[in-house]
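Colleague: Pasting a predicted model and its sequence here:
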Amino acid sequence: MPAAAAKVNRAKDEGRRVIAVGTTSIRTLESAGSNGRVEAGAGRTDIFIYPGYTFRVVDALVTNFHLPESTLLMLVSAMSKREKILRAYETAVREKYRFFSFGDAMFIH
């Protein structure tokens with residue numbers, strides 16, 4: 001969608017944050033914007049985001065709590081320090097947050 005790509009690029013140009021909602025969105029945006037500019041079009045991705053990854057488009061993420069030892073937890077840990085994410089998970093377990101697709105969400109920046 002050219003209009004969506006233009007909006008994301010304009011936000012970056014203006015110094016505003018791009019916030020992905022969900023891990024699929026973050027993978028899509030980072031794949032479409034591998035050079036820092038989102039290109040409209042269709043395609044596939046095999047991007048694997050893990051701690052140490054340099055984000056080029058996305059600045060923050062809203063996502064649910066994922067399974068321990070999963071690739072999605074690795075993606076989430078790439079957005080913030082792993083220790084900070086693990087503390088959030090400890091709190092979620094202690095406070096009985098709901099996990100997985102229909103659970104509670106967190107904002108990571």
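Modeller: That came through, no problem.
Colleague: Ile26 - that's part of a helix, no?
Modeller: Yes: judged by DSSP: H, G, I helix; E, B strand; the rest coil, Ile26 forms part of a helix.
Colleague: Show the contacting residues for it.
Modeller: Neighbour list for Ile26: 20, 49, 58, 61, 75, 79 [criterion: C-beta atoms under 8 Å, 6 or more residues apart in numbering]. Yep, even glycine has a C-beta here, placed from its N, CA and C like the rest.
Colleague: Could you find the closest non-adjacent residue to the third one?
Modeller: When you say that, I think you mean Val58. Nearest residue to Val58, sequence neighbours excluded (C-beta to C-beta, 6 or more residues apart in numbering): Ala20, at 4.7 Å.
Colleague: Return the member of the contacts of Ile26 nearest to Arg10.
Modeller: Distance to Arg10, by C-beta to C-beta, is smallest for Val58 among the contacts of Ile26, at 15.3 Å.
Colleague: okay, stretch 84-98 in PDB with CA atoms only?
Modeller: This file holds the C-alpha atoms of stretch 84-98, laid out as PDB (Å, rounded to 0.1, in the frame of the first residue of the first chain):
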ATOM      1  CA  LYS A  84      14.200  -6.000  31.300                       C
ATOM      2  CA  ILE A  85      11.900  -8.300  29.300                       C
ATOM      3  CA  LEU A  86      12.500 -11.200  31.700                       C
ATOM      4  CA  ARG A  87      11.600  -8.900  34.700                       C
ATOM      5  CA  ALA A  88       8.400  -8.000  32.900                       C
ATOM      6  CA  TYR A  89       7.600 -11.700  32.400                       C
ATOM      7  CA  GLU A  90       8.300 -12.400  36.100                       C
ATOM      8  CA  THR A  91       5.800  -9.600  37.000                       C
ATOM      9  CA  ALA A  92       3.300 -11.000  34.500                       C
ATOM     10  CA  VAL A  93       3.500 -14.500  36.100                       C
ATOM     11  CA  ARG A  94       3.400 -13.100  39.600                       C
ATOM     12  CA  GLU A  95       0.400 -10.900  38.900                       C
ATOM     13  CA  LYS A  96      -1.300 -13.600  36.800                       C
ATOM     14  CA  TYR A  97      -1.400 -11.800  33.500                       C
ATOM     15  CA  ARG A  98      -2.900 -13.700  30.600                       C
END
